[in-house]
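In: Using only what follows, build the 3D model:
(one chain, ligands or ions: 2)
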Amino acid sequence: KEQDRYDHFLFGKKVLITAGPTREKLDPVRYISNFSTGKMGYSLAKVAASLGADVTLISGPVSLPEPDDVQIVKVESAEEMFDASVQYFDRTDIAIMTAAVADYRPVNVASKKLKKHDDLMTIQLEKTKDILYELGKRKKHQFVVGFAAETDQLEENAKKKLYKKNVDMIVGNNVLEAGAGFGTDTNIVTIFKRSGDRIPLPKMTKEELSYRILKEIEKELKGEEN
Ligand code: CTP
Ligand code: CA
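Out: Ligands and ions are numbered 1, 2, ... in the order given. Here you go, the predicted model:
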């Protein structure tokens with residue numbers, strides 16, 4: 001097992017990864033975001049680079065060290081992450097979307113700090129663009145992988161995303177499970193493939209899981225060649 005870490009099976013492959021949360025501005029001092037820390041995406045980027053891939057990491061705001069040998073593109077909002085992802089997609093062989101992209105953003109962004117007034121306040125939100133859906137639509141030779149963060153009905157929800165977003169693989173995790181989800185160094189996931197294959201994996205470190213996911217992708221790509 002440890003042996004094939006040194007077999008650079010991603011040599012020459014261009015891998016695009018999104019990671020971290022996005023920030024949706026409300027005014028100059030406030031934003032809407034989520035608990036993503038970027039660990040899964042950064043780990044995938046690091047492991048993919050160590051396997052010989054040419055990695056571009058589109059990262060929302062995180063406080064993780066930048067992996068060596070990885071091209072990092074820093075973005076803040078879902079809109080910026082969308083634009084950067086679409087820009088790099090044509091020259092990508094494998095796209096892995098781990099980012100926790102905000103689903104909604106404030107309709108109005110105030111140019112001055114909002115002052116408090118009434119006891120109740122309502123913020124109007126509008127949907128952001130779905131990056132993974134867009135890449136699924138544009139997909140030609142690319143192998144596209146999505147993540148699914150769920151709190152319940154993991155299998156049903158993950159499979160829906162697999163087909164609706166026209167992706168090749170979904171890595172589903174229950175974010176409420178201990179040792180899985182946001183901020184942890186470990187994860188517990190099930191991989192869902194287009195073939196209908198379902199691979200439940202035990203709890204492992206995000207680094208081990210990164211290797212496992214990349215190995216599964218390689219297997220699928222090899223299968224296509226044959
Ligand atoms: N995703 C994306 N762009 C968005 C929202 C999600 O690229 N605007 C990607 C995520 O990076 C992930 C996958 O879509 O790879 C699934 O994200 P998730 O939040 O689990 O699902 P959603 O499709 O946003 O649906 P919901 O949050 O309602 O479950
Ligand atoms: Ca979402």
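In: From the rest of the structure, what touches stretch 204-215?
Out: By Cβ atoms under 8 Å, 6 or more residues apart in numbering, the surrounding residues in contact with stretch 204-215 are 5, 9-10, 39-40, 43-44, 46-48, 51, 96, 145, 171, 184-189, 191, 201. No exception for glycine: its C-beta is placed from N, CA and C like everyone else's.
In: Let's see that with 7 Å instead.
Out: 10, 39-40, 43-44, 47-48, 51, 171, 185-187, 189, 201 (Cβ atoms under 7 Å, 6 or more residues apart in numbering).
In: Tell me which of those fall in strands.
Out: In this view, the contacts of stretch 204-215 that belong to strands under DSSP state E are 171, 186-187, 189.
In: what sits against residue 127?
Out: 103-104.
In: where's it relative to residue 159, distance?
Out: Remark: distance between residue 127 and residue 159 (Cβ to Cβ, to the nearest Å) = 22 Å.
In: for the ones in strands among the contacts of stretch 204-215, which one is nearest ligand 1?
Out: residue 171 (8.2 Å; Cβ to the nearest ligand atom).
In: What score does that closest one have for pLDDT?
Out: For residue 171, the pLDDT comes out at 97.
In: what's the burial count for it?
Out: 26 (other Cβ atoms under 10 Å).
In: quick one on the thing from earlier: and the ones in strands among the contacts of stretch 204-215, which two are furthest apart?
Out: 171 and 186 (14.1 Å; Cβ to Cβ).
In: Show me where this protein has its helices.
Out: 39-50, 78-89, 131-138, 154-164, 206-225 (DSSP state H).
In: Of these, flag the one that's most buried.
Out: helix 39-50 (a mean of 25; mean count of other Cβ atoms under 10 Å).
In: Export only the CA atoms of that one, formatted as CSV.
Out: C-alpha atoms of helix 39-50 as CSV (Å, rounded to 0.1, in the frame of the first residue of the first chain):
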residue,chain,number,x,y,z
LYS,A,39,-9.1,20.7,5.4
MET,A,40,-10.5,18.1,2.9
GLY,A,41,-9.7,20.2,-0.2
TYR,A,42,-6.2,21.2,1.0
SER,A,43,-5.4,17.6,1.8
LEU,A,44,-6.6,16.4,-1.6
ALA,A,45,-4.5,19.1,-3.2
LYS,A,46,-1.4,18.1,-1.3
VAL,A,47,-1.8,14.4,-1.9
ALA,A,48,-2.6,14.9,-5.6
ALA,A,49,0.5,17.0,-6.1
SER,A,50,2.6,14.3,-4.3
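In: Next, name the residue at the spatial heart of the chain.
Out: Geometric centre of the chain, nearest residue: residue 98, 1.2 Å, by Cα atoms, centre = their mean.
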